[in-house]
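Q: 3D model of this:
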Amino acid sequence: MTVPSATAQIGVTGLAVMGSNIARNFARNGYTVAVHNRSIAKTDALLAEHGGDGDFVRTETMAEFAAALERPRRALIMVQAGDATDAVIEEIAAVFEPGDIIIDGGNALYTDTIRREASLADRGLLFIGAGISGGEEGALLGPSIMPGGPAKSYEAVGPMLEKVAAQVDGEPCCTHIGPDGSGHFVKMVHNGIEYADMQLIGEAYELMRTALGMSAAQMAEVFKQWNSTELSSYLIEITAEVLAQVDAKTGKPLVDVIVDEAGQKGTGRWTVKSALDLGIPVTGIAEAVFARALSSSRAQRDAAAGLAA
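A: This is a model prediction of the structure:
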């Protein structure tokens, strides 16, 4: 396969839901996007289903990925935080040149971002740690983006990020947060606040269900009404939608079929740890994190059931 040389303004590697949607967002906004994934099948699936969204350059290897990008090269990584991110950064760094820019759009721990930026700077590469909020719908239609890194990096990437970000009152939901890990720090705190929001919703649900004996459909109407007031938010909106869903197989409310066991990716826990280090009370967020941990300990919950009686 012949890859067009240096034709893409930005590249996206990691084409799961978030990565594929933000690649489509860039393409819809007029940018030529180089796409890459460890599994080539995902690249081909994206192009088969959504290739009409704009101009894409299909690549199979990191060398092809680098060759497809205009200089300075700009590559957005959308893979799982942690070791996977380090591995992909190293792969890209091996084929990039001084002055090229690597952007991590995952939910990275901000101290990892600080470490990565320092390491890449020693090799002449620029790095941006960008928190991206809005889920898969936001990634496609306009997310909130929180980039942190050297001002020089933002000069080359910022206008593109601002164009694909959500627009409110004519302003993009994107700005240069500050140096090194600041973007991922802000995203971490954002997610921590969201943990507390979801805990409040969960407790409201529990009171309505157990104390008031309300059905899922009745609760859906309450949340729908709340979403037309000052409580209006994405979380309240989707809670109403989920409570209104009926499982096609059983005919029961979908919420009663889903296992009540919540996982976590770490951002809430990191928020609480950082708050402890800084001596800042975030009790609501902390209790929400503890509730998540308790939720995931299903075996212990089952063993303890009825002991209080």
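
Q: Any stretches of the stretch 201-309 of the chain with poor pLDDT?
A: 308-309 (pLDDT under 70).

Q: one more time with 90, if that's ok
A: Counting by pLDDT under 90, the stretch 201-309 of the chain has low-confidence residues at 234, 259-266, 293-309.

Q: all helices for it, in order.
A: Under the criterion DSSP state H, counting those that start in this stretch, the stretch 201-309 of the chain contains helices at 216-226, 234-243, 254-257, 267-278, 283-296, 298-304.

Q: what's next to the fourth one, contact-wise?
A: When contacts are defined by CB atoms under 8 Å, 6 or more residues apart in numbering, helix 267-278 is touched by residues 107, 109-110, 185, 187-189, 191-192, 194-195, 281-282, 285-286, 288-289, 292. All C-beta atoms are positioned from the backbone trio N, CA, C, and that covers glycine.

Q: what about burial for the residues you listed, which qualify?
A: For the contacts of helix 267-278, a neighbour count by 16 or more other CB atoms under 10 Å gives the buried set as 107, 109-110, 185, 187-189, 191-192, 194-195, 282, 285-286, 288-289, 292.

Q: on that earlier part again, so which of the helices of the stretch 201-309 of the chain gets nearest residue 15?
A: Ranking the helices of the stretch 201-309 of the chain by proximity to residue 15 (CB to CB) places helix 267-278 first, at 22.4 Å.

Q: In that closest one, which residues are buried?
A: Neighbour counts over helix 267-278 (16+ other CB under 10 Å) mark 267, 268, 269, 270, 271, 272, 274, 275 as buried.

Q: pLDDT of stretch 10-18, averaged?
A: What stretch 10-18 shows for mean pLDDT is 96.

Q: Out of the helices of the stretch 201-309 of the chain, the one nearest residue 64 is which?
A: helix 267-278 (33.2 Å).

Q: Send me that closest one as CSV with only the CA atoms.
A: Below are the C-alpha coordinates for helix 267-278, written out as CSV (Å, rounded to 0.1, in the frame of the first residue of the first chain):
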residue,chain,number,x,y,z
THR,A,267,-9.5,9.7,38.3
GLY,A,268,-11.7,10.0,41.4
ARG,A,269,-9.2,8.2,43.5
TRP,A,270,-6.4,10.4,42.2
THR,A,271,-8.4,13.5,43.1
VAL,A,272,-8.9,12.4,46.7
LYS,A,273,-5.2,11.5,47.0
SER,A,274,-4.1,14.9,45.6
ALA,A,275,-6.5,16.7,47.9
LEU,A,276,-5.1,14.8,50.9
ASP,A,277,-1.5,15.8,49.8
LEU,A,278,-2.7,19.5,49.5
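
Q: From the chain's centre, how far out is it? Work that out for me.
A: On the basis of CA atoms, centre = their mean, to the nearest Å, helix 267-278 sits 19 Å off its chain's mean C-alpha point.

Q: For the remainder of this discussion, apply numbering that starts at 10.
A: Sure, I'll start numbering at 10, so the last one becomes helix 276-287.

Q: Include distance to residue 134 when you put the helices of the stretch 210-318 of the chain into CSV, please.
A: Listed next are these as CSV, based on distance: least, CB to CB, whole Å:
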stretch, distance to residue 134
helix 225-235, 47
helix 243-252, 35
helix 263-266, 46
helix 276-287, 25
helix 292-305, 34
helix 307-313, 44
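
Q: Of all the ones you listed, which one is nearest residue 97?
A: Within the helices of the stretch 210-318 of the chain, the stretch nearest residue 97 is helix 276-287; the backing value is 19.7 Å (CB to CB).

Q: Report the inter-axis angle for the closest one versus helix 292-305.
A: Angle, helix 276-287 to helix 292-305, by axes from the mean of the first three to the mean of the last three CA atoms, to 10 degrees: 140 degrees.

Q: Relative to residue 110, which of the helices of the stretch 210-318 of the chain is closest?
A: helix 276-287 (24.2 Å).

Q: Strands along the stretch 10-159 of the chain, start to end?
A: For the stretch 10-159 of the chain, applying DSSP state E, counting those that start in this stretch gives strands covering 19-22, 42-45, 65-67, 83-86, 110-113, 135-142, 153-157.

Q: Just the closest of the buried residues of helix 276-287 to residue 263, please.
A: The nearest member of the buried residues of helix 276-287 to residue 263, counting by CB to CB, is residue 277 at 24.6 Å.
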